[in-house]
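> how would this look folded up:
(one chain, ligands or ions: 1)
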Amino acid sequence: ALTAGIVGLPNVGKSTLFNAITKAGAEAANYPFATIDPNVGIVEVPDYRLDRLAELVEPKKIVPTTFEFTDIAGIVKGASKGEGLGNKFLANIREVDAICHVVRCFDDDNITHVSGKVDPLDDIETINLELVLADLESINKRYARVAKIAKTKDQEAMTELAVLDKIKPTLEEGRPVRAIAFDEEEQKIVKGLFLLTSKPVLYVANVSEDNVADAEDVEYVKQVRELAASEQAEVIVICAEIEEEIAELEEDEKEMFLEDLGITEPGLDKLIRSSYNLLGLGTYFTAGPQEVRAWTFKKGIKAPEAAGIIHSDFERGFIRAETISFKDFDQYGSEKAAKEAGKMRSEGKDYIVQDGDVMLFRFNV
Ligand code: GDP
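As a prediction, the model looks like this:
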């Protein structure tokens, strides 16, 4: 499964947020593996479409899809020098598919800030610099080798060298690789370089409880948004302390609590959804009387591969997929009604699965 790693300087609210994640995920007792690694928190992906399908189909069982967050501890400053814990920090980041970078955007004199004052841009730069330096080191190593092969007019090496030439100056300026626009061919090469700063990033601006309702007016948040826009990263605003409280409430208490705060949905839901989107993930559904279920897929895959997420036999023996978009299912109210209205499509092996598809796979055993 794809995972997003939570990083940030000390005392910015990482543990508070991760606690909220594990508490919210605790009710998912049907995922026993959740308890194996204490640094991994598994959450259900909130999706109104699943709720709506369940309302229409009234199945015996409703199964949401899940998403994993990894808590990345360890020292940050000097990590790229490759000593002990710092090394581990970078190795852990290398293993995640996206980065949730928690940034302190709350003032609180009682909580020490590692560099003495609250300064989100400076904090972000501290972490990003370590990642940039680590990338620069791997690029430089690779550069010498590839340049040598490129001299023999090897086409592949020449193409890669051109990409490295594009990346190097950006890193030398202290900027992340994700800020660079690549075409499709270049993107493939970049992917193979396994760089830290090419991973998608979501900045999580952690604001004080007094600011949740009007967070966009907070100067710190504006600064983070501006920086994120310049490097193709995303931003969400949360208050980690409140999220930890919300995670402990019952469903009906939650709504009242949110209303009192003047917010419409838990920040955790925003975090889950944004991370999911950041990784290019989508959801398709299966809906029958036994079970209505959400399944995560990587956007762009074709129907047989999507079927294989359920079971490898479905992929191997794939014939076709009877498909209704969620929108049509919702509008017509049932599979039967949607079918009668001509809204059920019989899709073949080249069909690219769309977010929100309700699918029934036909296959040979
Ligand atoms: P970490 O070192 O990044 O894991 O930070 P922690 O989650 O341990 O938080 C450090 C301190 O900041 C703790 O005392 C938290 O209670 C506090 N804290 C975290 N989030 C918030 C917040 O949104 N508002 C305020 N006022 N304090 C927070």
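
> Give me the pLDDT for the closest residue to S198 other than its chain neighbours.
Counting by CB to CB, 6 or more residues apart in numbering, S198 lies nearest to V177, which is 4.1 Å off, once chain neighbours are set aside. Bear in mind the C-beta positions are built from the backbone N, C-alpha and C, glycine included. We note a pLDDT of 97 for V177 in this prediction.

> Report pLDDT for A34.
49.

> same check, this time on the one 10 residues further on
Reading off the per-residue confidence, E44 sits at a pLDDT of 91.

> these two touch, right, the residue nearest to S198 and P200?
No - using CB atoms under 8 Å, V177 is not in contact with P200, being 11.2 Å away.

> who's more crowded, these two?
V177 (22 against 18; other CB atoms under 10 Å).

> so who does that one touch?
For V177, the contact set (CB atoms under 8 Å, 6 or more residues apart in numbering) comprises D135, I167, T170, L171, V190, L195, T197, S198.

> Kindly report the same for G356.
R49, G282, T283, Y284, F285, S325, F326, K327.

> any chance of those in a markdown table, with neighbour count, pLDDT and secondary structure too?
Formatted as a markdown table, those follow (neighbours: other CB atoms under 10 Å; pLDDT from 0 to 100; DSSP: H, G, I helix; E, B strand; the rest coil):
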| residue | neighbour count | pLDDT | secondary structure |
| --- | --- | --- | --- |
| R49 | 17 | 97 | helix |
| G282 | 20 | 96 | strand |
| T283 | 20 | 97 | strand |
| Y284 | 26 | 98 | strand |
| F285 | 22 | 98 | strand |
| S325 | 17 | 98 | strand |
| F326 | 22 | 98 | helix |
| K327 | 13 | 98 | helix |
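
> Flag every buried residue along the helix or strand hosting L258.
Assessed by DSSP states H and E, L258 sits inside helix 251-261. Under the neighbour-count criterion of 16 or more other CB atoms under 10 Å, helix 251-261 has K254, L258, L261 buried.

> Please name every helix or strand in contact with it.
helix 240-247 (3 or more CB pairs under 8 Å, 6 or more residues apart in numbering; DSSP states H and E).

> Now do the helix it packs on against helix 251-261: the angle between them, please.
150 degrees (axes from the mean of the first three to the mean of the last three CA atoms, to 10 degrees).

> Helix 240-247: how far from the chain's middle?
20 Å (CA atoms, centre = their mean, to the nearest Å).

> Let me know the closest of the contacts of V177 to R104.
Proximity of the contacts of V177 to R104 (CB to CB) peaks at T197, which lies at 21.2 Å.

> Please report the distance of the most centrally placed residue in the chain from V45.
For the chain, the residue nearest the mean C-alpha position is S275 (2.5 Å; CA atoms, centre = their mean). According to CB to CB, to the nearest Å, S275 and V45 sit 10 Å apart.

> Spit out the residues that contact those two alike.
Both S275 and V45 are contacted by F67, under the criterion CB under 8 Å, 6+ apart.

> Tell me which residues of stretch 173-185 come out buried.
Buried-residue list, stretch 173-185, by 16+ other CB under 10 Å: R175, P176, V177, R178, I180, F182.

> now swap in stretch 343-359 and tell me
K343, M344, E347, Y351, V353, G356, D357, V358, M359.
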